[in-house]
Each structure stands twice: as C-alpha cells, then as structure tokens.
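> Generate a structure from the sequence data that follows.
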Amino acid sequence: MGHELLDSVEKQYLKPQPPELGIGDTVDVHTRIIEGEKERTQVFNGVVIARRGHGINASFKVRRIVANQGVERTFLLHSPRVLMVDVKRHGKVRRAKLYYLRDRVGKARRLKERRRVRTVPATTAVAESPAFEAPEPVGAGGPA
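Okay, the predicted model is just below:
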C-alpha cells in the first residue's frame, strides 16, 4: 500500500518522455545553470558509464576527459534542470557499469559503435514494391 501512495505522488514529477539512453552511449547533456539572477544552458558531453535507480530516483553517470583529466558527473534523469539529452552515438558494450574506462588511456578508452539493424516487415518486401525495377541482364541486346 505504501508504494502505491509514493508512486502516485512521484508520478507528477516524472518526465513524460524520458531520454532513451544506454550504457556506452556518447551523449550531450544540456543542463540549466543558474548563476545569481542569470540563467544559461551548459552542455556536458561524454560517455554514459552507469545508470542506477528507477522512477524519480533514476540517474546516470557521464564521463569525459578535460585536459587529460577524467571528469565524471551524475545527472538525475527526471530533474527539471536536465533540459535535453542528445545521444550522439551508441557504444557496443557487454557490461552494465563501465568503471573500467577510468583506468584506460588513449585509444583503449574508445568503444566500438553499435550498429542498429533496421528490420523490414515481410509484407513490404522490396521486390513487391511498385518502385522496384529489375535490372536488365547483361548482354540482353541493349545498346552497345
């Protein structure tokens, strides 16, 4: 019963469309920074090395290299200060936490890119589409 009450209170603070990001993704996180009376947007780009929590407590950790020094920052997924998360590329990983990247230097720090495979439904095969034209066989009496 207690969880239902908490979930109903937290529901109003959740983002309707949370960003779709995974471990190993290279992202640009746009955050709102308030300095005195001024407000600006700051972009933090790096690799997502960890995710934790669920619901309103969901967070992700982004790591980047600045002046040959590693910088990690944790963001709350549903925070109103996180304006936008732009996924630049998807990394191919086999672990849930990429803390081993802290010890890597140079090219060993890079992750392979995960290619997304587009699946075409069987009902819309290429040969059945009206725009498909079969190529002429070679040597079929065409202009020489």
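> is it true that residue 73 lies in a strand?
Yes - with DSSP: H, G, I helix; E, B strand; the rest coil as the criterion, residue 73 is part of a strand.
> My read is that it contacts residue 62, right?
Yes - look at residue 73 against residue 62 with Cβ atoms under 8 Å: they come within range, at 5.6 Å. Any C-beta I mention is one placed from the backbone N, CA and C, and that applies to glycine too.
> any chance you could map the strands in this protein?
Assigned strands in the chain, in chain order: 26-35, 38-52, 59-66, 69-76, 82-89 (criterion: DSSP state E).
> Throw those into TSV and include mean neighbour count, thanks.
Rendered in TSV, the data for the strands of the chain read as follows (neighbours: other Cβ atoms under 10 Å):
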stretch	mean neighbour count
strand 26-35	15
strand 38-52	15
strand 59-66	17
strand 69-76	13
strand 82-89	14
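> For residue 106, which of those is the nearest?
When those are ranked by distance to residue 106, counting by Cβ to Cβ, first place goes to strand 59-66 at 10.3 Å.
> Parallel or antiparallel, list what pairs with the closest one.
Applying DSSP bridges, strand 59-66 is found paired with strand 38-52 (antiparallel), strand 69-76 (antiparallel).
> Same list (those strands) but as CSV, adding distance to residue 28 and mean pLDDT.
As requested, those are exported to CSV (distance: least, Cβ to Cβ, whole Å; pLDDT from 0 to 100):
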stretch, distance to residue 28, mean pLDDT
strand 38-52, 5, 96
strand 69-76, 12, 95
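> and the ones you listed as TSV, adding distance to residue 109?
Below are the strands paired with strand 59-66 laid out as TSV (distance: least, Cβ to Cβ, whole Å):
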stretch	distance to residue 109
strand 38-52	9
strand 69-76	9
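> Residue 10: which of those is closest?
Residue 10 lies closest, by Cβ to Cβ, to one member of those: strand 69-76, at 12.5 Å.
> can you pull the contacts of residue 30?
Residue 30 is in contact with 41-43, 82-86, counting by Cβ atoms under 8 Å, 6 or more residues apart in numbering.
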